[in-house]
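Participant: Curious how this folds, go ahead:
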Amino acid sequence: MFVCAIVGIVLSLGLLMLLLQVNKKLEENIQEVDRLKQRENNQLKKKQRIIDDIRQHTEEFNVDETFTRIMPAAGSDLHSISAYTEQVLQNIAKEMEIVQGLIFVLNDTDKLFHISGEYAFYSEERPRSFSLGESLSGQVAKNRKVMILKDLPEGYITVLSGLGKSHPRHLIIIPIVHNFESIGIMELASFKPFDENEEFLLRKVSETMANLLNELRNHV
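Facilitator: Predicted coordinates:
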C-alpha cells in the first residue's frame with residue numbers, strides 16, 4: 001500500500017514535470033510566433049514607408065510644373081549667352097538638389113566649347129575649353145547622348161561652402177542639340193543619384209534651351 005502511494009506520487013510528479021515542460025515549450029513557441037509577427041509587421045511598415053516616400057516624391061516632383069519654373073519667362077531681360085545660361089543654372093538649383101553646374105557653348109570660330117554659365121563652381125582655374133570628342137563632355141557632345149556618372153571618386157568635384165569643402169558623387173552631362181549638332185553642354189553635380197524623372201526633365205530643358213541659345217550665338 002505504501003509502495004503504491006510512493007509510485008503514485010512519483011508518477012504524479014513526473015506528469016507534473018512533463019506538463020510544465022510542455023507548457024514552457026508552448027510559451028516559447030507562442031513567443032517565437034509573436035516575434036515573427038512583429039518582424040513581419042516591421043517589414044510591412046518599412047515597405048509602406050518606402051512606398052509613401054516614392055508616392056510623395058512623385059506627387060511633389062511634377063515635371064511640367066518644374067520645367068515651367070526652370071525656364072526663364074518669355075520676355076526676360078536675358079540678352080547675352082552668359083546671362084541666359086547662368087539664370088537657367090540658378091533656376092535648376094532652386095528646383096533640384098544640384099550643388100554645382102556648368103554650361104559650355106560652342107564657338108563657331110575656333111570650334112571649341114567655352115564656359116558660359118557657372119553655378120557654385122570652385123576652382124583656382126577657369127573650366128577648360130574642349131573640342132568635339134575631347135574629354136567626357138566632348139564625347140557627350142560628339143555622341144549627342146546624356147551621360148550619367150555615379151559614385152565619383154573623392155575630389156573629382158569640389159564644392160565650397162561656409163561649412164567647408166564637400167565632394168558630390170553624382171554627375172550628369174547633357175548635350176544641348178540644335179539641328180543635330182551639339183551647340184552646348186550642361187554639367188550638373190549632385191550628392192544624390194539622378195532619377196528618371198529628373199533625367200527626363202533635364203533633357204526637356206536642354207531641348208528648349210537649344211533654340212534660344214542658338215539665336216543668342218548668332219547675335220554675338
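Participant: switch to C-alpha atoms for all contacts and neighbour counts from now on
Facilitator: OK.
Participant: all helices for the chain, in order.
Facilitator: With DSSP state H, the ranges of helices along the chain come out as 2-60, 63-70, 81-95, 135-143, 196-218.
Participant: Residues contacting the shortest one, please?
Facilitator: So that's helix 63-70. Contacting residues not belonging to helix 63-70 are listed as 88, 91-92, 95, 197-198, 201, 204-205 [Cα atoms under 8 Å, 6 or more residues apart in numbering].
Participant: Now for those: which two are most distant?
Facilitator: V88 and N197 (18.1 Å; Cα to Cα).
Participant: Leaving out sequence neighbours, find the closest residue to the residue most central in space within the chain.
Facilitator: Among the residues of the chain, P193 comes closest to the average C-alpha position under Cα atoms, centre = their mean, at 2.6 Å. Residue nearest to P193 in three dimensions, not counting chain neighbours: H170, with 5.8 Å by Cα to Cα, 6 or more residues apart in numbering.
Participant: The one you found: how many residues sit nearby?
Facilitator: 21 (other Cα atoms under 10 Å).
Participant: can I assume it is in contact with K150?
Facilitator: Yes - the pair formed by H170 and K150 meets the contact definition of Cα atoms under 8 Å, at 4.7 Å.
Participant: what sits against V140?
Facilitator: 133, 146-147, 173-175, 185.
Participant: Only the buried residues of stretch 106-123, if you could.
Facilitator: Within stretch 106-123, the residues that count as buried by 16 or more other Cα atoms under 10 Å are 106, 112-122.
Participant: Might one say that I115 is in contact with N107?
Facilitator: No - the pair I115 / N107 is not scored as a contact, 10.2 Å apart, by Cα under 8 Å.
Participant: returning to what we had before: the helices of the chain: which one's closest to S166?
Facilitator: Taking the helices of the chain one by one with Cα to Cα, helix 81-95 is closest: 16.7 Å.
Participant: Can you name every helix or strand that the closest one contacts?
Facilitator: helix 63-70, strand 100-107, strand 112-119, helix 196-218 (3 or more Cα pairs under 8 Å, 6 or more residues apart in numbering; DSSP states H and E).
Participant: from these, which stretch is densest packed?
Facilitator: Most buried of the helices and strands packed on helix 81-95, by mean neighbour count (mean count of other Cα atoms under 10 Å): strand 100-107, with a mean of 23.
Participant: Show me the chain divided up by domain.
Facilitator: 1-60, 77-218 (automatic domain parsing).
Participant: Please identify the deepest-packed of those.
Facilitator: Taking mean count of other Cα under 10 Å, domain 77-218 is the most buried of these, at a mean of 17.
Participant: for that domain, what is the average pLDDT?
Facilitator: Averaged across domain 77-218, the pLDDT comes to 90.
Participant: Can you give the distance of that domain from its chain's centre?
Facilitator: Centroid separation for domain 77-218 versus its chain: 16 Å, with Cα atoms, centre = their mean, to the nearest Å.
Participant: Looking at the buried residues of stretch 106-123, which one is closest to R35?
Facilitator: Looking across the buried residues of stretch 106-123 and measuring by Cα to Cα, the closest to R35 is A120, at 50.8 Å.
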